[in-house]
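[1] Let me see the structure of the following:
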Amino acid sequence: MRTVDLFAGCGGLSLGLSKAGMDVVAAYEKWESAIAVYNENFSHPIFDFDLSDVNTAVTHIKQFRPDLIAGGPPCQDFSSAGKRNENGGRGDLTQSYAKIVTKILPEWFLMENVERINKSQIYQNAKRLFKSAGYGLTEIVLDASYCNVPQKRKRMFLIGKLNEQDDYLKPALEHSLRAKSMTIREYFGEELPIEYYYRHARSYSRRGIFSVDEPSPTIRGVNRPIPPKYQFHDGDAIKDVSKVRPLTAHERARIQTFPKDFKWVVTNKSTLEQLIGNAVPVNLAKFVGEAINVYNENNIVRFNVAI
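    This is a model prediction of the structure:
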């Protein structure tokens with residue numbers, strides 16, 4: 001299935017869909033650091049492109065004849081970590097994504113975002129555009145730890161297919177969910193040389209020390225050391241800071257299920273941590289891509305063959 005990735009970031013969605021068997025033929029992004037990382041890890045082109053210019057974007061994307069347009073429009077305006085102002089500017093890119101899809105009309109589209117986007121008016125407007133264009137919609141919140149990712153990260157997926165009924169993909173998605181959350185130890189085995197680690201919480205009311213025998217909390221775009229006078233929380237996995245350290249950037253990327261040999265060609269630490277935290281977990285994208293494959297196999301759908 002020929003796939004184009006919009007708002008591609010450093011490539012978590014592209015890599016996961018590729019691992020599911022999709023033929024990712026092009027990507028689009030505006031963040032220079034993300035483009036540099038993407039270029040280092042993929043052979044197909046990524047374009048430095050302002051996707052708010054919908055008509056120009058449509059003309060450019062059409063040349064790739066996509067069967068599927070995937071993308072995760074920037075989510076900061078909807079995130080629980082921010083001010084949640086859907087009119088902050090980046091939320092408009094959700095509308096741009098919907099307009100691009102409904103002008104090109106690929107057989108499929110896949111949109112990924114934070115869970116709370118479904119409460120926004122912009123998201124509801126986008127859904128109306130998709131429905132009026134003839135897409136059946138499957139809307140689902142997936143906890144990545146049930147999708148072969150050692151991280152409790154909840155993400156909203158909206159997956160559309162032309163001329164299909166709503167919720168057509170839910171059986172394939174729900175059937176493949178794990179019975180239990182994946183822990184860090186289950187994913188890494190004995191690869192990580194630690195038992196406990198520190199993850200900086202958003203407030204002092206939340207715990208900061210975790211065990212590798214549980215899923216990681218959401219990997220965020222910041223990674224800070226343990227405060228010198230850290231106040232233990234009732235939920236902390238251990239109350240001995242001498243046995244605790246923060247995860248390295250590479251370890252955080254691995255929890256996002258990027259492979260060991262993925263090349264992070266970024267020298268600025270804060271930029272690197274943000275790239276990793278903003279990424280779609282590779283195995284989560286693969287999970288959704290494989291559900292699409294199951295649906296196709298069961299319904300004998302055929303797609304254009306890449307030349």
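[2] drop to CA atoms for contacts and neighbour counts, all remaining ones
    Noted.
[3] What ranges does the stretch 151-300 of the chain have for its helices?
    Secondary structure of the stretch 151-300 of the chain (DSSP state H, counting those that start in this stretch): helices located at 170-175, 184-188, 249-255, 269-278, 282-299.
[4] As TSV, these with distance to L142 and mean pLDDT would be great.
    Formatted as TSV, the helices of the stretch 151-300 of the chain follow (distance: least, Cα to Cα, whole Å; pLDDT from 0 to 100):
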stretch	distance to L142	mean pLDDT
helix 170-175	9	96
helix 184-188	18	98
helix 249-255	16	97
helix 269-278	16	96
helix 282-299	8	95
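[5] Quick one, which of these gets closest to H60.
    H60 lies closest, by Cα to Cα, to one member of those: helix 282-299, at 24.3 Å.
[6] how about TSV for the helices of the stretch 151-300 of the chain, with distance to R116 added?
    What follows is these, written out as TSV (distance: least, Cα to Cα, whole Å):
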stretch	distance to R116
helix 170-175	19
helix 184-188	26
helix 249-255	23
helix 269-278	16
helix 282-299	18
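[7] Would you reformat these as CSV and include distance to G235 and mean neighbour count?
    Shown next, in CSV, are the helices of the stretch 151-300 of the chain (distance: least, Cα to Cα, whole Å; neighbours: other Cα atoms under 10 Å):
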stretch, distance to G235, mean neighbour count
helix 170-175, 30, 15
helix 184-188, 18, 17
helix 249-255, 21, 20
helix 269-278, 23, 19
helix 282-299, 27, 20
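[8] residues contacting N41?
    Going by Cα atoms under 8 Å, 6 or more residues apart in numbering, N41 touches 262-263.
[9] go with 10 Å
    10-11, 15, 261-265 (Cα atoms under 10 Å, 6 or more residues apart in numbering).
[10] which residues are in contact with stretch 184-195?
    145, 148-151, 183, 210-216, 237-238, 243-245, 247, 251, 254-255, 257.
[11] Which ones among those residues map onto strands?
    151, 210-211, 216, 245 (DSSP state E).
[12] Could you export the residues you listed to JSON lines, including columns for distance to E297, neighbour count and pLDDT?
    Output for the ones in strands among the contacts of stretch 184-195, formatted as JSON lines (distance: Cα to Cα, whole Å; neighbours: other Cα atoms under 10 Å; pLDDT from 0 to 100):
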{"residue": "Q151", "distance to E297": "29", "neighbour count": "25", "pLDDT": "98"}
{"residue": "F210", "distance to E297": "41", "neighbour count": "20", "pLDDT": "98"}
{"residue": "S211", "distance to E297": "40", "neighbour count": "19", "pLDDT": "98"}
{"residue": "S216", "distance to E297": "34", "neighbour count": "23", "pLDDT": "98"}
{"residue": "R245", "distance to E297": "46", "neighbour count": "17", "pLDDT": "96"}
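[13] Relative to G289, which of those is nearest.
    Closest to G289, out of all of the ones in strands among the contacts of stretch 184-195 and judged by Cα to Cα, is Q151, at 18.8 Å.
[14] who does that closest one bridge with?
    Per DSSP bridges, the residues bridged to Q151 are S216.
[15] Please determine how far it is located from Y198.
    14 Å (Cα to Cα, to the nearest Å).
[16] and what of Q165?
    Applying Cα to Cα to Q165 and Y198 gives a distance of 45 Å.
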